[in-house]
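Asks: Below is the structure, and that's it, no one-letter string:
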């Protein structure tokens, strides 16, 4: 009986240690998501307040242009007639990230990547839900333009950062959500 209690106590203590280790990564992820979302909202509101769509502002010798547009579509203005569908996809993506990815994070890099993804999805989704012409049909505010590139916003920058970090973690460093090396996991399963 003592053997069972000891084993049971060890499992409970082990589960508590894992939960204690995981919580900071979840909070980091959610913190990045919220801060990025707020930064996106503030910059979009400033762009609407101070930029004239007819008079773009060139900065850094033309390297960056502030050009205000309202985009009903997705990246590169694709799917302009699918705004409601894009909104539903964004809601589904946000829920999937919150329910399936955030609870599994046990690595600093993945917490940053998924936090950036949350910020990006939430920023553009907020536009789709609350900006003109109305709920589920709102146009995304874009205002940053690089030479020979699409006009984008801060939420798009967070989504891009999430993709770059995620690719780096999975392909270059080969680390999984739980912090284990993917090569070690494969080798262990081969045995």
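Replies: That came through, no problem. What you see is a predicted model, and the numbers here were worked out from it, not measured in a lab.
Asks: what element comes up after the helix or strand containing residue 33 heading to the C-terminus?
Replies: Per DSSP states H and E: residue 33 is located in helix 2-50. On the C-terminal side of helix 2-50, the nearest following helix or strand under DSSP H and E is strand 57-59.
Asks: Give me the below-cutoff pLDDT ranges for the protein.
Replies: Scanning the chain for pLDDT under 70 picks out 1-22, 76-77, 184-191.
Asks: Next secondary structure after the strand of greatest length in the chain?
Replies: Longest strand in the chain, counting residues (DSSP state E): strand 64-71. Next helix or strand after strand 64-71 toward the C-terminus (DSSP H and E): helix 83-96.
Asks: Mind listing residues that contact that next one?
Replies: Outside helix 83-96, the residues within contact range by Cβ atoms under 8 Å, 6 or more residues apart in numbering are 72-74, 79, 118, 121-122, 124-125, 128-129, 136-139. Every C-beta, even on glycine, is put in place using the N, C-alpha and C of the backbone.
Asks: Could you rerun that using 7 Å?
Replies: Here helix 83-96 makes contact (Cβ atoms under 7 Å, 6 or more residues apart in numbering) with 72, 74, 79, 121, 122, 124, 125, 128, 129, 136, 137.
Asks: Export those residues as a markdown table, with columns for distance to residue 90 and secondary structure.
Replies: Output for those, formatted as a markdown table (distance: Cβ to Cβ, whole Å; DSSP: H, G, I helix; E, B strand; the rest coil):
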| residue | distance to residue 90 | secondary structure |
| --- | --- | --- |
| 72 | 13 | coil |
| 74 | 10 | coil |
| 79 | 12 | coil |
| 121 | 6 | helix |
| 122 | 9 | helix |
| 124 | 7 | helix |
| 125 | 4 | helix |
| 128 | 6 | helix |
| 129 | 9 | helix |
| 136 | 10 | coil |
| 137 | 13 | coil |
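Asks: Tell me the buried residues within these.
Replies: Buried by 16 or more other Cβ atoms under 10 Å: 72, 74, 121, 122, 124, 125, 128, out of the contacts of helix 83-96.
Asks: For the last one, which residues are in contact?
Replies: By Cβ under 7 Å, 6+ apart, the contact set of residue 128 is 83, 86, 87, 90, 136, 138, 140.
Asks: Now for those residues: which two are most distant?
Replies: Farthest-apart pair in those is 136 and 140; separation 12.8 Å (Cβ to Cβ).
Asks: Tell me the strands beside the longest strand of the chain, with direction?
Replies: Neighbouring strands of strand 64-71 in its sheet, by DSSP bridges, are strand 57-59 (antiparallel), strand 140-145 (antiparallel).
Asks: Any chance you could list what contacts the longest one?
Replies: Meaning strand 140-145. With Cβ under 7 Å, 6+ apart as the criterion, strand 140-145 contacts 44, 47-48, 51, 64-71, 124, 127-128, 131, 151-153.
Asks: Now stretch 48-61: buried residues?
Replies: Per 16+ other Cβ under 10 Å, stretch 48-61 contains these buried residues: 51, 56.
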